[in-house]
Structures are given as C-alpha cells and as structure tokens.
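Participant: Dropping a prediction and its sequence here:
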Amino acid sequence: MSWTLTVNNQTHTVNEDKRLIDFLRDDLLLMSVKDGCSEGACGTCSVIVDGKLVKACIQKVSRFDGCSVTTVEGLSQREKEVYVYAFGEAGAVQCGYCTPGMVIAAKVLLDKNPDPTREEMPKYFSTKTRIRHAKKFKGRSSGISVAARDTRKFSRRLSSQRNY
Ligand code: FES
C-alpha cells in the first residue's frame, strides 16, 4: 500500500504508514517540524494541511493521502521575512524550539483573518495550541500583530501594483 502527499509543492509517494512528523523530518529532512509532546497537546509540530492547522505528531501519513502539506520551509520568501521580522521585533522567540509551530499557526489565522483583534488571538491560540498559557504570549501576540500588519501592507502594495 502507498500514499501520495504533496509537501511544499513537491509530490511524494510514501510506502510506510508512519506518523506525519516522522515522514516530514526523517524522510524529507524538514527540520522545522518539531516534536514537543508527541501527544497532540502543545502544537509545536503544527503544519498546514489543505489550509487547516494540523498536529503532525499524532496522525499517520495514510490519513493525508492526496493532501497538500505546508511547513515553514514551504512559505514564500516574503512570508519568511515577515515572520522573522515580526517575531524578532516583538521578542516572541524564546528558545526558538516552538517558533515554527507558532509561525504556522499564525499563518493559518492570518490567511483566514488578516486583521485579528487582540481578543481573537488568544482565543484562537488557546483552541489550537497551548501557547496561550506560556508567559510570553503577550510577545507572541505582538509578533502576530506585526506579521498581520506587514502582510496587509504587502497585500495592498501587490494590489496597487496590479492596478497599473
Ligand atoms: S508535538 Fe505535536 S502537539 Fe505537541
């Protein structure tokens, strides 16, 4: 039996049904996907599957047959620059281990809602990850605000360029 997944715009056939995180890290060497708790609680392993936030540590590859997976490595250059700047500017990095999962969660939020309020962010993150309970959530919240602002600015610039 085999399964086909598109990861960061490249198609892969998988012959062994293993955890998605093991496939991404061990087979594709996508080291941004980190294993924090291995039980679906912390969100450190978060990736995007068909536009939705998914924890890669608890579900197997067979569950994602035909799906499109995005990790931090698959973000556009512009998105990488925005999140590096935004999280750095807000001091929302701590040790950095969970940062890729936070960036992925922020991207899913901002793709759906480019201008979340200060109240919406903790609510979103408390249902998707445990970062609301981290001491530095304020910094992360600010990082996401900065990313949201820069993403909106970039989108406006792109639209105005298209109008010429
Ligand atoms: S490592 Fe997957 S949720 Fe914690």
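Facilitator: Here it is on my side, so go on.
Participant: Show the contacting residues for the closest residue to residue 36 other than its chain neighbours.
Facilitator: Spatial nearest neighbour of residue 36, excluding adjacent residues (CB to CB, 6 or more residues apart in numbering): residue 44 at 3.2 Å. Heads up, the C-betas are built off the backbone N, CA and C, glycines and all. Taking CB atoms under 8 Å, 6 or more residues apart in numbering as the criterion, residue 44 is in contact with 34, 35, 36, 37, 97, 98, 100, 101, 129.
Participant: pLDDT at residue 44, what is it?
Facilitator: According to the prediction, residue 44 has pLDDT 92.
Participant: Which of the three states applies to it?
Facilitator: Following DSSP: H, G, I helix; E, B strand; the rest coil, residue 44 is assigned to coil.
Participant: That one and the ligand: what is the separation?
Facilitator: According to CB to the nearest ligand atom, to the nearest Å, residue 44 stands 5 Å off from the ligand.
Participant: In stretch 147-155, which residues are buried?
Facilitator: 147, 148, 150, 151 (16 or more other CB atoms under 10 Å).
Participant: List the contacts of the residue nearest the centre of the chain.
Facilitator: With distances taken as CA atoms, centre = their mean, the residue of the chain nearest its centroid is residue 104 (1.1 Å). With contacts defined as CB under 8 Å, 6+ apart, the neighbours of residue 104 are 46, 47, 48, 53, 70, 71, 72.
Participant: Neighbouring strands of the helix or strand harbouring the second one in the sheet, and parallel or not?
Facilitator: In this case it means residue 47. Element membership for residue 47, per DSSP states H and E: strand 46-49. Partners of strand 46-49 in the sheet, by DSSP bridges, are strand 52-55 (antiparallel), strand 68-70 (antiparallel).
Participant: Can you tell me which of these is most buried?
Facilitator: Neighbour counts (mean count of other CB atoms under 10 Å) averaged over each of these peak at strand 68-70, with a mean of 20.
Participant: interface residues of this structure facing the ligand?
Facilitator: Contact residues (CB under 6 Å from any ligand atom) of the chain with the ligand: 35, 36, 37, 38, 40, 41, 42, 43, 44, 45, 55, 57.
Participant: Derive a PyMOL selection command for the buried subset of those.
Facilitator: Buried residues within the residues of the chain next to the ligand, by 16+ other CB under 10 Å, are selected in PyMOL with:
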select buried, resi 36+42+43+44+45+55+57
